[in-house]
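Colleague: Turn this into a model:
(2 chains)
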2 protein chains.
Amino acid sequence: MPFFKYFSRIGGFKKQMRFLTRRVYLDYASSTPIDRRMLQGLPKLPGAVVGANPSALHHEGVALRRAVAHAREQVARVLDVHSDEIIFTSGATESDNLAIAGTINRWLDAGIAPHEIAVFSGELEHAAVSETIAPFTVRGVTHVPLFTEDGVIAVNGLVRPEGIKAALVSVMYVSNEIGTVQPIVDIAKRIRKLRKLHPDIEFVFHTDATQAPLHFSLRVPMLGVDLMTLGATKLYCEKGVGMLYKRRALKLVPLIRGGGQEGGMRPGTESVSLIRQFAHGLAYAKEIREKETVRIASLQSYFETTLKSAFPQLRITAEGQPRTPHITHVGVPNFDSELLVIELDARGIAVSSKSACKNEEGNESAIVELLYGKNVGAIRFSFGRGTKKRHLNKALKALGAVLKKYR
Amino acid sequence: MPFFKYFSRIGGFKKQMRFLTRRVYLDYASSTPIDRRMLQGLPKLPGAVVGANPSALHHEGVALRRAVAHAREQVARVLDVHSDEIIFTSGATESDNLAIAGTINRWLDAGIAPHEIAVFSGELEHAAVSETIAPFTVRGVTHVPLFTEDGVIAVNGLVRPEGIKAALVSVMYVSNEIGTVQPIVDIAKRIRKLRKLHPDIEFVFHTDATQAPLHFSLRVPMLGVDLMTLGATKLYCEKGVGMLYKRRALKLVPLIRGGGQEGGMRPGTESVSLIRQFAHGLAYAKEIREKETVRIASLQSYFETTLKSAFPQLRITAEGQPRTPHITHVGVPNFDSELLVIELDARGIAVSSKSACKNEEGNESAIVELLYGKNVGAIRFSFGRGTKKRHLNKALKALGAVLKKYR
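Modeller: Numbering: from 1, shown residues only, chains lettered A, B, ... in the order given. Model prediction:
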């Protein structure tokens, strides 16, 4: 992997950088490094074309519009949808905001009262979902939490609340924190049933699939979702781009205004370079999915078996549940999560304790407290294209040293 | 310039690309090509670091946070402001939306009635400004158009309307369409006077300076603005990033929710690579500003003199007004703008007739109709780092051929 073979032209940083080459990166669920070998497979656009504005009328503009159209088709093929159902955005966070605020605002604009709108969402949702819902609940929209049993949502929590005219269900595909796979297909089935029982209520189903593309199918007809968020942070390409799948018939109120780009749903000059990288990254992830999933699953199995036998006091979160192979979340009794991350970091192991997007707030993650109660810390080890068995051994050794130090 | 020395690895496109190398790009105001020589001055971050999440606790995350902080300081130095007053966004369109919707939504949230809010904006504003204002006027906010005299806003249009508790003024620094420089400093002075006269009214002054950084000072203390939009599309770096300057004491309601990034004003994993390029591009633009402005101004002067003597029937828009050297907007009587662009394009000259962000709508630009009345077409020639005198000669020759064809 070119990932570990870097060099720095920054004079002062050199020492730090040499230090970084010896490190073990096990935080792929937070953000993936750039896979330069993968990007070499993406034909370069000539400089003169790259510089233009894809909305311009001249040849350069047309060439860029074609490049965006090609990327859009590439993405549509992976999702098995129409290419006009893809809205490129600046990332997964924006896509979540557009999906949720765009749907609820359409209902409000149509004259549906806030108390006639219900939003169902899981306890594991990313802040981009839960914090977008929050201001609407302040305005009177009903929020119905979908409870989880050992990290997986109980589908029977999805019932029709009284006096509701419209309902939005937002459940993430794969938990970015503990790695559990949510029953998206079952939820879609239940929603179809509810639609039949209550034809007067509009149901919209959104999933944040940001963590899924490396190991799970994104075929929308199979999943049965109306809206799906994806982002570049997990696709081994440059960050700053993402997308929202929007079923053709569904209408949304745009979040950003001021241009006809993306069918008016997302104005602003397109970053063609990022969009092309994103589409390529997504197509590549699908291409190598089967093989890579087998490799990562066997690494995970080795890691978890070794971890359990070496440290019987630790618990693997949601162990018996369907989980993604690239995330192993570990509960550590009587330990502070942040201390664990910092101690491992000092020993050259880069991991996280929770979603990076929540770092500014409190110390412990809500889901860890929910699953383990108080006084249990957590670490998330996450694996990716650069991960080898020796990295896992190093991480286990370092973990042992940290646990010993504070015994 | 490396701009014209590109090559393509795309097999099928090769012929098209060879064709493109012979073209003359005079659409810099729409979007600038990537200046690879400039970007070579930006030290590369090592791959392992680039891959991480700047919010993560580990070394890789910290290194990226530092890189973002450094870029922020670089930008703050160009603007002569505090670095915590810089909010990085996905581009100028998002920044305009955040500035306008963020300010008005704060007032609405504070209980100020829509009819107690006034928004002043010019007739030349970009769609990202005018279309963000539009839904608020539907809800009852008063929109006060600031009229232009030959492309420059009349400052005396800025008066206090009756029964207003809060007023937002949004005027672009340099018109992206006709190139006129707006009297930002005078407007700021007038606002300061209004603030003194009506201490009960809150005034907020926003400027979209996207078109300004290459030739004009961005020093906020000199300009006297509270909010300022900038975007990467005009800075010769990768697109997909921009920023909003926000005076420290000013509060905004965020557009996007779900994380603590950018002080909670703009959540979502930062694209460190784009942010660094943007900051570097802005600093570089300032560094070469004086020299480049002289060069471009002399090119513009040559172009306009030759154009006027060769085609006396054409008019240079807002000729006597303060204008940016990199935009020459030409009125062509009895001609369709789009036809002009397409005919020039067929002769190898890439120009625009109006803002690329408006292409989806009607044929003619509102400002052209305002300045020239009906039956006048327009072309915008815009110059940049790659522009040489021979390009201008080619463009003039092609323009002559087009005018002759339709005589």
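Colleague: What's the local residue count around residue A:370?
Modeller: 13 (other Cβ atoms under 10 Å in any protein chain shown). Where you see a C-beta, it was placed from the backbone N, CA and C, and this is true even at glycine.
Colleague: so it sits in a helix?
Modeller: Yes - Residue A:370 sits within a helix when classified using DSSP: H, G, I helix; E, B strand; the rest coil.
Colleague: I'd assumed residue A:119 was in contact with residue A:141.
Modeller: Yes - Residue A:141 lies in contact with residue A:119 (Cβ atoms under 8 Å); the separation is 6.0 Å.
Colleague: shared neighbours of these two, which are they?
Modeller: A:104, A:133 (Cβ atoms under 8 Å, 6 or more residues apart in numbering or on different chains).
Colleague: neighbours of the residue of the stretch 51-200 of chain A found nearest chain B, just the number please.
Modeller: Taking Cβ to the nearest Cβ as the measure, the point where the stretch 51-200 of chain A comes nearest chain B is residue A:51, at 2.5 Å. Using other Cβ under 10 Å, the number of residues around residue A:51 comes to 28.
Colleague: per-residue confidence for it?
Modeller: pLDDT, residue A:51: 80.
Colleague: Next: residue A:370.
Modeller: Value listed for residue A:370 in the pLDDT field: 83.
Colleague: Could you give the bridge partners of the residue lying closest to residue A:142 once chain neighbours are set aside?
Modeller: Closest residue in space to residue A:142, ignoring its immediate chain neighbours: residue A:118 at 4.6 Å, by Cβ to Cβ, 6 or more residues apart in numbering or on different chains. On the basis of DSSP bridges, residue A:118 is bridged to residue A:142, residue A:167.
Colleague: and residue A:113, what are its phi and psi?
Modeller: With angles defined as degrees, to the nearest 10, residue A:113 sits at phi -70, psi 150.
Colleague: How about the contacts made by it?
Modeller: Shown in contact with residue A:113 (Cβ under 8 Å, 6+ apart): residue A:140.
Colleague: how about the residues of the stretch 101-250 of chain A that lie near chain B?
Modeller: The stretch 101-250 of chain A has residues A:126-132, A:134-135, A:231, A:233, A:238-241 near chain B, with proximity defined as Cβ under 8 Å from any Cβ of the partner chain.
Colleague: Out of the residues you listed, name the ones that lie in strands.
Modeller: Of these, the ones assigned to strands by DSSP state E are residue A:231.
Colleague: can you give me the helices in chain A?
Modeller: Ranges of helices in chain A, per DSSP state H, are A:14-21, A:36-40, A:47-50, A:59-79, A:92-109, A:127-138, A:184-197, A:220-223, A:272-287, A:289-310, A:337-346, A:366-372, A:389-405.
Colleague: Among the ones you listed, show me which one is buried the most.
Modeller: helix A:92-109 (a mean of 25; mean count of other Cβ atoms under 10 Å in any protein chain shown).
Colleague: Quick one: list the elements packing against that helix.
Modeller: With contacts defined as 3 or more Cβ pairs under 8 Å, 6 or more residues apart in numbering or on different chains; DSSP states H and E, helix A:92-109 has these neighbours: strand A:86-89, strand A:117-122, helix A:127-138, strand A:166-170, strand A:202-208, strand A:227-231, strand A:242-246.
Colleague: Mean pLDDT and distance to residue B:107 added to those, as JSON lines?
Modeller: Listed next are the helices and strands packed on helix A:92-109 as JSON lines, based on pLDDT from 0 to 100; distance: least, Cβ to Cβ, whole Å:
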{"stretch": "strand A:86-89", "mean pLDDT": "98", "distance to residue B:107": "27"}
{"stretch": "strand A:117-122", "mean pLDDT": "95", "distance to residue B:107": "25"}
{"stretch": "helix A:127-138", "mean pLDDT": "95", "distance to residue B:107": "16"}
{"stretch": "strand A:166-170", "mean pLDDT": "97", "distance to residue B:107": "28"}
{"stretch": "strand A:202-208", "mean pLDDT": "98", "distance to residue B:107": "30"}
{"stretch": "strand A:227-231", "mean pLDDT": "98", "distance to residue B:107": "31"}
{"stretch": "strand A:242-246", "mean pLDDT": "98", "distance to residue B:107": "29"}
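Colleague: For residue A:61, which of the ones you listed is the nearest?
Modeller: Residue A:61 lies closest to strand A:86-89 among these, at 16.8 Å (Cβ to Cβ).
Colleague: Does anything pack onto the closest one? Which helices or strands?
Modeller: helix A:59-79, helix A:92-109, strand A:242-246.
Colleague: of the residues of the stretch 101-250 of chain A next to chain B, closest to residue A:274?
Modeller: Closest to residue A:274, out of all of these and judged by Cβ to Cβ, is residue A:241, at 3.9 Å.
Colleague: Name the nearest residue to that closest one, ignoring sequence neighbours.
Modeller: Closest to residue A:241 by Cβ to Cβ, 6+ apart is residue A:274, at 3.9 Å.
Colleague: Roughly how far does the one you found sit from residue B:321?
Modeller: Applying Cβ to Cβ, to the nearest Å, the value for residue A:274 to residue B:321 is 37 Å.
Colleague: contacting residues around residue A:398?
Modeller: A:344, A:347, A:348, A:349.
Colleague: okay, now the last one: neighbour count?
Modeller: Looking back up the chat, that one is residue A:349. Neighbour tally, residue A:349, other Cβ under 10 Å: 25.
Colleague: beta partners for it?
Modeller: In beta-bridge terms (that is, DSSP bridges), residue A:349 pairs with residue A:24.
Colleague: Good, wrapping up.
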